[in-house]
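Enquirer: got a structure for you, letters missing:
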């Protein structure tokens, strides 16, 4: 399994970080967001039990508890799946959109905590973090169904988007398999500007983030949006070491596999990142010299 999960070179990203520093006065101190406590994040992570239907219902309940009311939470029936996508809408002041997604379904082996309740259970907490003040973007938080059956939920969602919706979407942030290690980016399958923005915020918060490519492991829900040329980024925590531990899709995928310090650090980073993206999209992109 040597070089199965190669680390990515961040040379282009470093240039983008420099560009952001020179064009934006934003820092972690003036990007406004309100992360929930570690206790809340861990409690939601602990609600992984049940089959996929029960997990879908739990996710919807957690969104409601986080303040996503009946007018802003919905279930999108998905062709080819018995379960819907779960959607929570945070309305912005413009027609621009940021998508934030994670699949809630699991395979039969293990408890499916790492893959991918670790991502799905963060969606309500990220909603809470950015809802504290009006945003330019509308944030759409999506719990995708049947990723394990071939990204069924995300594929359906992307194909149902109109040309106007595609044009209005500035970013798709996907979370899959978190908490095994510090924050990683699937750099080769992520937009360089979005990657640079995450590296920039991580530097502001003094937390680690690196690029680890996972082409030989599989695909993710973000790929459906790339087909529409929507900028996307996939956040994960796989490394060569954690891959060699054979946790994913095995009986080892349990709550005990999560490194809670790393998991909460990833949440705080993503909360700041999503708030920052609302500002970043208003800054025109500039060419980066390689």
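Expert: Sure thing, it's come through. Everything quoted here is computed from the prediction, not taken from an experiment.
Enquirer: So which bits of the longest helix seen in the chain are buried?
Expert: The longest helix of the chain (DSSP state H) is helix 260-280. Neighbour-count burial for helix 260-280, counted by 16 or more other C-beta atoms under 10 Å, picks out 262-280. For every residue, glycine as well, the C-beta is placed using N, CA and C.
Enquirer: Mind jotting down where the helices sit in the protein?
Expert: 11-23, 38-45, 52-65, 118-120, 122-130, 152-160, 163-168, 192-205, 223-226, 240-244, 260-280.
Enquirer: Quick check: which of those helices is nearest to residue 79?
Expert: Closest to residue 79 of these, according to C-beta to C-beta: helix 152-160, at 5.8 Å.
Enquirer: Centre of the chain to that closest one, how far?
Expert: Chain-centre distance of helix 152-160: 16 Å, with C-alpha atoms, centre = their mean, to the nearest Å.
Enquirer: now swap in stretch 266-283 and tell me
Expert: 11 Å.
Enquirer: now do stretch 209-229
Expert: Distance of stretch 209-229 from the chain centroid (C-alpha atoms, centre = their mean) equals 11 Å.
Enquirer: pLDDT on it, on average?
Expert: Stretch 209-229 shows an average pLDDT of 88 in the prediction.
Enquirer: Same question for stretch 50-62.
Expert: 98.
Enquirer: ok, and what's touching it?
Expert: Contacts of stretch 50-62 from elsewhere in the structure, counted by C-beta atoms under 8 Å, 6 or more residues apart in numbering, are 44, 47-48, 73, 75, 82-84, 86, 104-106, 112, 117, 120-121, 123-124, 143, 145-146.
Enquirer: same question, stretch 82-91
Expert: With C-beta under 8 Å, 6+ apart, stretch 82-91 has contacts from 52-53, 56, 59-60, 63, 66, 68, 72-78, 104-105, 123-124, 127, 130-131, 135, 138-146, 153, 156-157.
Enquirer: what comes up buried for it?
Expert: Quick answer for stretch 82-91 (16+ other C-beta under 10 Å): 83, 84, 85, 86, 87, 88, 89, 90.
Enquirer: That stretch: end-to-end distance?
Expert: In terms of C-alpha to C-alpha, to the nearest Å, the two terminal residues of stretch 82-91 are separated by 28 Å.
Enquirer: pLDDT (mean, whole number) over it?
Expert: Rounded mean pLDDT across stretch 82-91 is 98.
Enquirer: measure residue 262 to residue 43 for me?
Expert: 18 Å (C-beta to C-beta, to the nearest Å).
Enquirer: do the same with residue 85
Expert: 24 Å.
Enquirer: what does residue 120 give?
Expert: 14 Å.
Enquirer: And for residue 183?
Expert: 21 Å.
Enquirer: Can you name the residues that contact residue 161?
Expert: Counted by C-beta under 8 Å, 6+ apart, residue 161 has contacts 169, 228.
Enquirer: my bad, residue 174
Expert: Per C-beta under 8 Å, 6+ apart, neighbours of residue 174: 101, 102, 119, 220, 221, 222, 232, 233, 234, 235.
Enquirer: beta partners of the closest residue to the first one other than its chain neighbours?
Expert: What that stands for is residue 101. Of all residues not flanking residue 101 in the chain, residue 142 sits nearest, at 4.4 Å (C-beta to C-beta, 6 or more residues apart in numbering). Beta-bridge partners of residue 142, counted by DSSP bridges, are residue 87, residue 101.
Enquirer: Number the chain from 731, please
Expert: OK, 731 is where the count begins now, so the last one is residue 872.
Enquirer: and residue 872, how many residues sit next to it?
Expert: 25 (other C-beta atoms under 10 Å).
Enquirer: got a pLDDT number for it?
Expert: 98.
Enquirer: Please apply the same query to the one 5 residues further on.
Expert: With respect to pLDDT, residue 877 has a value of 95.
Enquirer: Pretty sure it sits against residue 831.
Expert: No. Applying C-beta atoms under 8 Å as the test, residue 877 and residue 831 come out as separate, 9.5 Å apart.
Enquirer: what is in contact with the two at once?
Expert: 884, 951.
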